[in-house]
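> 3D model of this:
(one chain, ligands or ions: 3)
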Amino acid sequence: VSTAPATKAVAGQGSKGPRHVAIIMDGNGRWAKRRHLPRIAGHRKGIEAARTVVRAAGELGIEVLTLYAFSSENWRRPADEVSDLMGLLRRFIVTDIDELSESGVRLRIIGNYRALAPDIVQLIDNACAKTAQNSRTTLVIALNYGSHAELAGVARSLAERARDGLLDPAVIDEDMIAGELDTGDLPPPDLLIRTSGEKRLSNFLLWQLAYSEFLFVDTLWPDFGANDLAAACEQFSARERRFGGL
Ligand code: IPE
Ligand code: IPE
Ligand code: MG
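Ligands and ions are numbered 1, 2, ... in the order given. So this is what the prediction gives:
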């Protein structure tokens, strides 16, 4: 599969490009509906878009790309759609991991992926282990991820340690909480993109997005390409971030 290289390498140039881009990949269903196709056709096309965007992120010098693939609320969808999504996830890991690894991608998962089918958990653990030493791009896939569940997990684990006498509650600070999140060792997203025109977070990275720049685009995820990512990075570069200062 060959694609044109992503336009200008904005992100890698100077210090103004985003190091970490997080994307809420939304609009697969509407993409399919417009074509009178079943929703799974939109999800299939959405995986192609994800593939393209991962490649483009590497070319743009983005260090971390986080993709929201399945939320802890997506179990509310009809069982056949959930099972289609899991099938596509399986296939993606099997077919893409070698190429990802060869292009220097390190795979990380956030979310409670251990609650997925045992064979998927195994595939994921193998894929993460296989790519653990890569350092060009970190691809973080959010699977069965929900920010509220993640934060509740942090609270539970700190409380257990305090109960067992291993942690003095007085030392719990913002850095400790950030470090206990699934994203513990990753920088927070500089830029959040949501496709398909929806303007909400849907329980995604609530803590981590505290000072991120937000970009909501109308493009449906299956239509999102390398040029859209490059354009998003350019828009990001034009923003002024203040972090509460002047
Ligand atoms: C995003 O597309 C993919 C997942 C949430 C898994 P949707 O399936 O949400 O597409 P729309 O929002 O129905 O168009
Ligand atoms: C958010 O999209 C989750 C993912 C993209 C995986 P949804 O389509 O599930 O979000 P809502 O239901 O419109 O808020
Ligand atoms: Mg949606």
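> burial check on the nearest residue to Asp190 once chain neighbours are set aside, number of neighbours?
Once flanking residues are discounted, Asp190 sits nearest to Pro18: 3.8 Å by CB to CB, 6 or more residues apart in numbering. Bear in mind the C-beta positions are built from the backbone N, C-alpha and C, glycine included. Pro18 sits with 28 neighbouring residues when counted by other CB atoms under 10 Å.
> so Pro18 makes contact with Ala238?
No: Pro18 lies out of contact with Ala238 (CB atoms under 8 Å); the separation is 12.0 Å.
> near ligand 2, which residues of the protein?
Contacts of the chain with ligand 2, taken as CB under 6 Å from any ligand atom, map to 24-26, 68-71, 74, 198, 200, 202.
> which of these count as buried?
Among the residues of the chain next to ligand 2, the ones that count as buried by 16 or more other CB atoms under 10 Å are 24-26, 68-71, 74.
> and Phe70, its phi and psi?
In terms of degrees, to the nearest 10, the main-chain angles of Phe70 are phi -160, psi 120.
> over to Phe243?
When quoted as degrees, to the nearest 10, the phi and psi of Phe243 stand at phi 50, psi 30.
> and the pLDDT at it?
Looking at Phe243, its pLDDT reads 95.
> mind checking the SS state of the residue lying closest to Asp26 once chain neighbours are set aside?
Counting by CB to CB, 6+ apart, Ser196 is the residue found nearest to Asp26 once chain neighbours are left out, at 4.0 Å. Under DSSP: H, G, I helix; E, B strand; the rest coil, Ser196 falls in the coil class.
> wait, isn't Val94 in contact with Leu123?
Yes: using CB under 8 Å, Val94 makes contact with Leu123 at a distance of 6.7 Å.
> which one of these two has more residues nearby?
Per other CB under 10 Å, whichever of Val94 and Leu123 has more neighbours is Leu123, with 19 against 11.
> taking the buried ones among the residues of the chain next to ligand 2 one by one, which sit in helices?
Using DSSP state H, no member of those falls within helices.
> turn the residues you listed into JSON lines, columns for distance to Ile110 and pLDDT.
Below are those laid out as JSON lines (distance: CB to CB, whole Å; pLDDT from 0 to 100):
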{"residue": "Ile24", "distance to Ile110": "14", "pLDDT": "99"}
{"residue": "Met25", "distance to Ile110": "15", "pLDDT": "98"}
{"residue": "Asp26", "distance to Ile110": "18", "pLDDT": "98"}
{"residue": "Tyr68", "distance to Ile110": "9", "pLDDT": "99"}
{"residue": "Ala69", "distance to Ile110": "10", "pLDDT": "98"}
{"residue": "Phe70", "distance to Ile110": "11", "pLDDT": "98"}
{"residue": "Ser71", "distance to Ile110": "11", "pLDDT": "98"}
{"residue": "Asn74", "distance to Ile110": "15", "pLDDT": "98"}
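> show me where this protein dips below the pLDDT cut-off.
1-15 (pLDDT under 70).
> after the longest helix along it, which helix or strand is next? Please name it.
Counting residues, the longest helix found in the chain (DSSP H) is helix 79-102. The helix or strand immediately downstream of helix 79-102 is strand 105-110, counting by DSSP states H and E.
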